[in-house]
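Asker: got a structure for you, letters missing:
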Ligand SMILES: [Fe+2]
């Protein structure tokens, strides 16, 4: 099946590129950060974290290991969930104020993404906006080698420690966009699942669905052979389509989500489940960081752009806020119902990895079988019931679709083409599931 999906195409790409950091995984590995920083030649470090983690045992462990290795550091913790360009530029100013030769980020995707984007701005002495693709920015190239970076995730979802992208809210547009460059890939990821022991259930669920959707989107993405060949070997876009590598990591991540998501959310003492989800999140990052996501992520930006005043348990956020994983999962079942027609065998296989009941199902049922299993997992983990569960209704559909349709390359990475009317139909299907 895999060979067939990647069959050469006359005018398509014949190659794909894989990049991942050096990865260390295991309980207690945060205590290795000092020695790892030493091996990268770091002597004076910008340590990025957020206010909630500043006094945590995780940051304390990293600080102790740096001190033991004789490495100086200064902390920047002015990072909020869903960081914006202002936050990134504050981080860049902090970096420029010192003589740092290394970056260590300790936190969730917001912290790691802020660190990645801030080192770009600091090195190029530039605001962030010009680096976004046109027409949002100027498509300014990232040309300079960046500070070596060790990324230490404290949630099991974004996989940001293993990708070369950062997602940042642009304040003036009130929406999120992606900035990407191979130079933004962290040099090392130090993944200590101990960080997830005390995460609230709702955070494990939201981040867990982020990982699940990363893996699903990678596995069902358009094949890399269907994208046009590239002119410059050093400028292959991150969104290059499904490939044998992303299949490898995504299928394992799907198996992990199918087996452990319910357990990890509903039983905080189930360390096996939480450890597995942490590994699954990094695997899914290694997958989508080398293939790209597609419609659920593109459509999540329409939700966070127009989000209402909802409260979400487990997050210390006062402003209107929909956690990223929730913004993805509320439309994902409807998205896969739509995209299944473009790659039905892959949608059915993915449902199988998630332990869906496939009895008697044929390829024509693939989208529904997958959506049904996702909805079952959403209900088991107390997720909102589609868009209506996060405060949206029919009257918001046009505005959300108009926002999401700008995520052109992600939408083009789906196995089935779509236009503005199709996006509106998918949002309509996502209003409620049960
Ligand atoms: Fe995501």
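Answerer: In hand now; what should we look at? Treat the numbers as computed from the prediction; the structure is a model and nothing was measured.
Asker: residue ranges for the helices of the stretch 1-150 of the chain, please.
Answerer: Applying DSSP state H, counting those that start in this stretch to the stretch 1-150 of the chain gives helices spanning 2-5, 33-39, 57-68, 85-96, 109-124.
Asker: Please disregard the earlier target; I meant the stretch 301-434 of the chain.
Answerer: Using DSSP H, counting those that start in this stretch, helices in the stretch 301-434 of the chain cover 324-329, 332-339, 344-353, 366-380, 397-404, 408-412, 420-429.
Asker: now the angle between helix 420-429 and the fifth one, please.
Answerer: With axes from the mean of the first three to the mean of the last three CA atoms, to 10 degrees defining the directions, helix 397-404 sits at 120 degrees from helix 420-429.
Asker: same question for helix 397-404, mean pLDDT?
Answerer: Averaged across helix 397-404, pLDDT comes to 94.
Asker: Show me what that helix is packed up against.
Answerer: helix 295-305, helix 420-429 (3 or more CB pairs under 8 Å, 6 or more residues apart in numbering; DSSP states H and E). (C-beta placed from N, C-alpha, C; glycine too.)
Asker: now the shortest one
Answerer: Using 3+ CB pairs under 8 Å, 6+ apart as the contact criterion, the neighbours of helix 408-412 among helices and strands are helix 295-305.
Asker: thinking again about what came up before, could you say which of the helices of the stretch 301-434 of the chain is packed most deeply?
Answerer: helix 324-329 (a mean of 28; mean count of other CB atoms under 10 Å).
Asker: Can you tell me which of the helices of the stretch 301-434 of the chain is nearest to residue 210?
Answerer: Nearest to residue 210, of all the helices of the stretch 301-434 of the chain, is helix 324-329, at 3.6 Å by CB to CB.
Asker: Grab the nearest non-local neighbour of residue 129.
Answerer: residue 137 (5.1 Å; CB to CB, 6 or more residues apart in numbering).
Asker: Residue 11 now?
Answerer: In space, residue 11 is closest to residue 228, 6.8 Å off (CB to CB, 6+ apart).
Asker: so which strand or helix has the one you found?
Answerer: Using DSSP states H and E, residue 228 falls within no helix or strand.
Asker: what number of residues lie near it?
Answerer: 9 (other CB atoms under 10 Å).
Asker: for it, what are its contacts?
Answerer: 11-13 (CB atoms under 8 Å, 6 or more residues apart in numbering).
Asker: mind listing what residue 71 touches?
Answerer: 34, 37-38, 42-45.
Asker: swap in residue 87?
Answerer: 78-80, 114 are the contacts of residue 87 under CB under 8 Å, 6+ apart.
Asker: Strands along the stretch 51-200 of the chain, start to end?
Answerer: 72-76, 102-107, 149-153, 165-170, 175-180, 188-191 (DSSP state E, counting those that start in this stretch).
Asker: And those: which comes nearest residue 247?
Answerer: Of the strands of the stretch 51-200 of the chain, nearest to residue 247 by CB to CB is strand 165-170, at 19.9 Å.
Asker: which among the contacts of residue 71 end up buried?
Answerer: Buried residues within the contacts of residue 71, counting neighbours by 16 or more other CB atoms under 10 Å: 34, 37-38, 42, 45.
Asker: and the two most separated of the residues you listed?
Answerer: 38 and 45 (10.7 Å).
Asker: Can I get the contacts of residue 228 in a markdown table including distance to residue 284 and neighbour count?
Answerer: Formatted as a markdown table, those follow (distance: CB to CB, whole Å; neighbours: other CB atoms under 10 Å):
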| residue | distance to residue 284 | neighbour count |
| --- | --- | --- |
| 11 | 30 | 9 |
| 12 | 25 | 17 |
| 13 | 23 | 19 |
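Asker: Can I get those residues in JSON lines including pLDDT?
Answerer: Below are the contacts of residue 228 laid out as JSON lines (pLDDT from 0 to 100):
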{"residue": "11", "pLDDT": "89"}
{"residue": "12", "pLDDT": "93"}
{"residue": "13", "pLDDT": "93"}
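Asker: and which of these is nearest residue 106?
Answerer: The nearest member of these to residue 106, counting by CB to CB, is residue 13 at 36.9 Å.
Asker: Give the rounded mean pLDDT of stretch 223-237.
Answerer: 88.
Asker: Check stretch 155-166 too.
Answerer: 93.
Asker: how long is it from one end to the other?
Answerer: 16 Å (CA to CA, to the nearest Å).
Asker: wait, isn't residue 268 in contact with residue 203?
Answerer: No: counting by CB atoms under 8 Å, residue 268 does not reach residue 203; the two are 10.8 Å apart.
Asker: Which one's more surrounded, those two?
Answerer: For residue 268 and residue 203, the more surrounded residue by other CB under 10 Å is residue 203, and the numbers stand at 22 against 16.
Asker: thought residue 251 was touching residue 354?
Answerer: No: Residue 251 lies out of contact with residue 354 (CB under 8 Å); the separation is 10.5 Å.
Asker: what residues are up against residue 216?
Answerer: Contacts of residue 216 (CB under 8 Å, 6+ apart): 250, 254, 296, 332, 336, 350, 370.
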